[in-house]
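Chemist: requesting a structural model of the entry that follows:
(2 chains)
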Amino acid sequence: MFGSQKKRRFSGVAKVILLAAAIGLLLLLPAAAFANYFDGMKTSNNGIVTQGAQAYINRFLPYVTNGGTSSAWSMIANTAGSGSYAQVGWAVVPSVFGNHNAYYFWEYADVYGNDPGPRQLAAVPTPLDKTVADKFSVYQPDSSHINYQINDQLQHQTGRDWTPNQAQWFGEVQTQSDHVAGSPAYHEYFHGVQHLYNGSWYNDDAYINRHNDNSSADGTWPSGYNKCWIWDTRN
Amino acid sequence: MKHRRALLIAGVVVTLAVSATLGFARTSHSTARADTPTPLSITEVPATIPAQGVSVNGIANLLPPSADQVPTISQSDAIALYPNDESLPATAVLARVTLPETIPDPGQSSAGFQNISDVLCWVVTFSFPEPRNVRISEPQGITMPPLMMSHHVVIIDAQTGNFVEGFFTL
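Modeler: Take a look at the predicted model:
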């Protein structure tokens, strides 16, 4: 009797342990994060108050592995959060957008990192025309919304549950096998780089706000100008 | 009894964990913006649209087409219009589509909004063989987990064949 009770108790405890293990696995799986690489600009003072980010970013169709991404965008974020970002730009994502295609996209993640995923907008009409720039603006039009604009055309509007403390403008890849926009022969051009403060857009100095953590990429960030050039160092 | 309680608590924790991991507690625009009955909240595009309509993760509201609505674009043409390099299995359902995030909230000026509301569209769902990480980006300085999704949904205007929007579902 006692043994049987003990066995039943063990069985119950084992079930709880198994469930706890399952929960642990469930929570650990998404935690297997990847490290992305960034080349471009971000406001250097994390504590700034801002309500928006915008820049003209040239089109480019970089080399991207299947399963990788290469994108260029404007973003506002709260760097103290576990998500808390809103962005708009273009992306090359062969595994979901198809080979040799660039699409406009926007994305919003709330303060907890909840994110229904990127929203795929129209195909970039001439992704190979590197002389054409698109203006990507993401900003708060009021106290409760975020607007996502391409070439001054409102695409979508979401609510928000966080306050931005940083503006970013980057070329980004998920692995160093993927190429960031720009090549040694033709540099990717970001210009008109600005952040929004109390209803006015302010220029962001390229040299002060420069950032590059991609060892396969380089850039030029002139002091006193709100523009920069980035490129992948491989052909 | 203690063990039953423990199992019950564990079950609740599992449910909460699944909800937190898979659910999209959206804080963005209200999904009930069109002048229609409250749509059923679902997480993937159904094979047929119920009369009350559905809201797919708050991203797209779908209503069944009315009897007199005939698409110019056929179902197979709609599927073929989007590049499908991998020949992924695809389905398409005809629906009146409203994208809440293209519509102003009550009281907001409608200036500038695209107002994609009640547009007859083919909602094409491409299914990946295995869930894929669809996260394009993350902020510099914040490491985000992969965003694993099973379906790529592409909305095609059923009269013009134009691409309207794409998104992902579990």
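Chemist: quick check: next helix or strand after the lowest-mean-pLDDT helix or strand in chain A?
Modeler: Lowest on mean pLDDT, DSSP states H and E among the helices and strands of chain A sits helix A:2-31, with a mean of 42. Sequence order places strand A:37-42 as the next helix or strand after helix A:2-31, per DSSP states H and E.
Chemist: is that next one anywhere near chain B?
Modeler: Yes. Judged by C-beta under 8 Å from any C-beta of the partner chain, strand A:37-42 comes into contact with chain B at A:Phe38, A:Lys42. Using the backbone N, CA and C atoms, a C-beta is placed for each residue, glycine as well.
Chemist: note down every partner strand of the following helix or strand past that strand and its orientation.
Modeler: Using DSSP H and E, the helix or strand that follows strand A:37-42 towards the C-terminus is strand A:52-58. Sheet pairing of strand A:52-58 (DSSP bridges) gives strand A:133-139 (antiparallel), strand A:188-197 (antiparallel).
Chemist: does B:Glu138 really touch B:Pro146, like I thought?
Modeler: No. Contact status for B:Glu138 versus B:Pro146: not in contact, 10.2 Å apart, counting by C-beta atoms under 8 Å.
Chemist: which of those two has more neighbours?
Modeler: For B:Glu138 versus B:Pro146, neighbours defined as other C-beta atoms under 10 Å in any protein chain shown are more numerous around B:Glu138 (27 against 17).
Chemist: residue contacts, the more buried one?
Modeler: Counting by C-beta atoms under 8 Å, 6 or more residues apart in numbering or on different chains, B:Glu138 makes contact with A:Asn36, A:Tyr85, B:Met144.
Chemist: ok, 6 Å please
Modeler: Neighbour list for B:Glu138: A:Asn36, B:Met144 [criterion: C-beta atoms under 6 Å, 6 or more residues apart in numbering or on different chains].
Chemist: phi, psi of it?
Modeler: Dihedral pair for B:Glu138: phi -150, psi 160, per degrees, to the nearest 10.
Chemist: please read off the pLDDT at it from the model.
Modeler: B:Glu138 carries a pLDDT value of 93.
Chemist: relative to A:Leu196, how far out is it?
Modeler: B:Glu138 sits 22 Å away from A:Leu196, going by C-beta to C-beta, to the nearest Å.
Chemist: over to A:Phe97?
Modeler: 29 Å.
Chemist: quick check: buried residues in stretch B:78-89?
Modeler: B:Ala78, B:Ile79, B:Leu81, B:Tyr82, B:Asn84 (16 or more other C-beta atoms under 10 Å in any protein chain shown).
Chemist: sorry, wrong one. I was asking about stretch B:90-110.
Modeler: The neighbour-count check on stretch B:90-110 (16+ other C-beta under 10 Å) flags B:90, B:92-104 as buried.
Chemist: so which of these sit within strands?
Modeler: Taking DSSP state E, the ones among these that sit in strands are B:Ala90, B:Ala92, B:Val93, B:Leu94, B:Ala95, B:Arg96, B:Val97, B:Thr98.
Chemist: take the residues you listed and write them to a markdown table, including pLDDT.
Modeler: Shown next, in a markdown table, are these (pLDDT from 0 to 100):
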| residue | pLDDT |
| --- | --- |
| B:Ala90 | 98 |
| B:Ala92 | 98 |
| B:Val93 | 98 |
| B:Leu94 | 98 |
| B:Ala95 | 98 |
| B:Arg96 | 98 |
| B:Val97 | 98 |
| B:Thr98 | 98 |
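Chemist: can I get the residues you listed in JSON lines including distance to A:Ala185?
Modeler: Listed next are these as JSON lines, based on distance: C-beta to C-beta, whole Å:
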{"residue": "B:Ala90", "distance to A:Ala185": "39"}
{"residue": "B:Ala92", "distance to A:Ala185": "43"}
{"residue": "B:Val93", "distance to A:Ala185": "47"}
{"residue": "B:Leu94", "distance to A:Ala185": "48"}
{"residue": "B:Ala95", "distance to A:Ala185": "47"}
{"residue": "B:Arg96", "distance to A:Ala185": "49"}
{"residue": "B:Val97", "distance to A:Ala185": "43"}
{"residue": "B:Thr98", "distance to A:Ala185": "46"}
